[in-house]
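Asker: Got a predicted model here, sequence first, then my questions.
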Amino acid sequence: MTTVVLLVITVLVIRSLLTNPRFQWDIVFSYFLNGQVLDGLVTTIVLTVVAMAVGVVMGVLMALGRESRNPVVSGAAALYIGFFRGTPLLVQLIFWFNLAALYPVLSVGIPFGPTLASGSANTLITPMVAAILGLGLNEGAYMSEIVRAGLQSVDPGQTQAAHALGMRKGQVFRRIVLPQAMRVIIPPTGNETIAMLKTTSLVSVIAIPELLFQVQAIYSRTYQVIPLLITVSLWYLLLTAVLSTGQFYLERHFRRGDLRPAEKPFLARLLARRDPLAQPAERKQV
């Protein structure tokens, strides 16, 4: 019964998409490879990659800081995580964009001593830098908890055994802890990357010409709001599908030593059900 209901709903949705002229599919696909849209797409991809790189680095540092036995280091890491998780990302982006209102001049020097270098905040904190700082530092707070959970998932007995065999701390981390922790770290990191791809649309408020900003610039002139929003949605769906596929194969790589059978993609499972030769083999395995 459930299958029938889902099939009926699917048919109705597809029929509506194909027969409703207000979707204006000809306009949607005419802008799909538009130069301005592609420029925004490249900016979105660059922002996603750079912000995730900053987030992963900060996440690892903060996770190690939280695990530190030094209360000052642990407290500073906890304060960082609490601040960036406790304030809205949009507020953080606007704050970084207007940092010059608080600090017109940014300088580097010896505390209570001479200044080694200085520059205007408006020159140093460009809109792109503000976007990377806002996205990356915010992501670092979430990645720290993901990394920390992965490190804590490794049995401490394995670390103790590795030390008993004479392995150094760096070797234990690289060869024992990290490979096992990656099984826990990779899935949520993949989800965070996909979320970051879509979160980059927030930087349109600080005039970064990413995908959504470029589309908004176009439909502010042409008033073709719905078709262009469909265009940008199709690009996000396509990029999400690519990232999801990469995440699947990366997870399978780090689970190659797992005793559990690797989960097959949805299409492979669907074809296996329809293959009459595959069914007896499945029964035999059971």
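Answerer: Sure, I can see it. Numbering: from 1, shown residues only.
Asker: Can you report phi and psi for residue 112?
Answerer: The phi/psi pair for residue 112 (degrees, to the nearest 10) reads phi 60, psi 20.
Asker: Could you do the one 4 residues further on as well?
Answerer: Torsion angles at residue 116 (phi, psi; degrees, to the nearest 10) stand at phi -90, psi -40.
Asker: which ones are touching the closest residue to it other than its chain neighbours?
Answerer: Counting by CB to CB, 6 or more residues apart in numbering, the nearest residue to residue 116 once its immediate chain neighbours are dropped is residue 109, at 4.7 Å. Where you see a C-beta, it was placed from the backbone N, CA and C, and this is true even at glycine. By CB atoms under 8 Å, 6 or more residues apart in numbering, the contact list for residue 109 reads 115-118.
Asker: What is the least confident helix or strand in the chain?
Answerer: Counting by mean pLDDT, DSSP states H and E, the weakest-scoring helix or strand in the chain turns out to be helix 278-285, with a mean of 46.
Asker: Helices of the protein, residue ranges please.
Answerer: Assigned by DSSP state H, the helices in the chain fall at 2-19, 25-30, 35-67, 71-86, 89-97, 121-124, 127-152, 156-164, 169-172, 178-199, 211-222, 225-254, 266-274, 278-285.
Asker: can I get the contacts of residue 109 in TSV with neighbour count, pLDDT and distance to residue 42?
Answerer: What follows is the contacts of residue 109, written out as TSV (neighbours: other CB atoms under 10 Å; pLDDT from 0 to 100; distance: CB to CB, whole Å):
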residue	neighbour count	pLDDT	distance to residue 42
115	10	75	38
116	9	73	36
117	8	79	32
118	11	78	33
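Asker: Which single one of those is nearest to residue 159?
Answerer: Using CB to CB, residue 116 comes nearest to residue 159 of these, at 41.6 Å.
Asker: Next, the contact list for the nearest residue to residue 53 once chain neighbours are set aside, please.
Answerer: Using CB to CB, 6+ apart and skipping the chain neighbours, the partner closest in space to residue 53 is residue 136 (7.5 Å). Contact partners of residue 136, counting by CB under 8 Å, 6+ apart, are 50-55, 58.
Asker: and of these, the nearest to residue 250?
Answerer: Lowest distance from residue 250 to these (CB to CB) belongs to residue 52, with 13.6 Å.
Asker: Would you agree that closest one is in contact with residue 195?
Answerer: No: counting by CB atoms under 8 Å, residue 52 stays clear of residue 195, with 10.0 Å between them.
Asker: what about those two, which has more around it?
Answerer: Shown here are residue 52 and residue 195; by other CB atoms under 10 Å, residue 52 has more neighbours (21 against 15).
Asker: Now for that one: which residues touch it?
Answerer: By CB under 8 Å, 6+ apart, the contact set of residue 52 is 136, 139, 192-193, 196.
Asker: and if you look at residue 162?
Answerer: Residue 162 touches 171-172, 175-176, counting by CB under 8 Å, 6+ apart.
Asker: List buried residues within those.
Answerer: Burial by neighbour count, judged by 16 or more other CB atoms under 10 Å, picks out 172, 176 from the contacts of residue 162.
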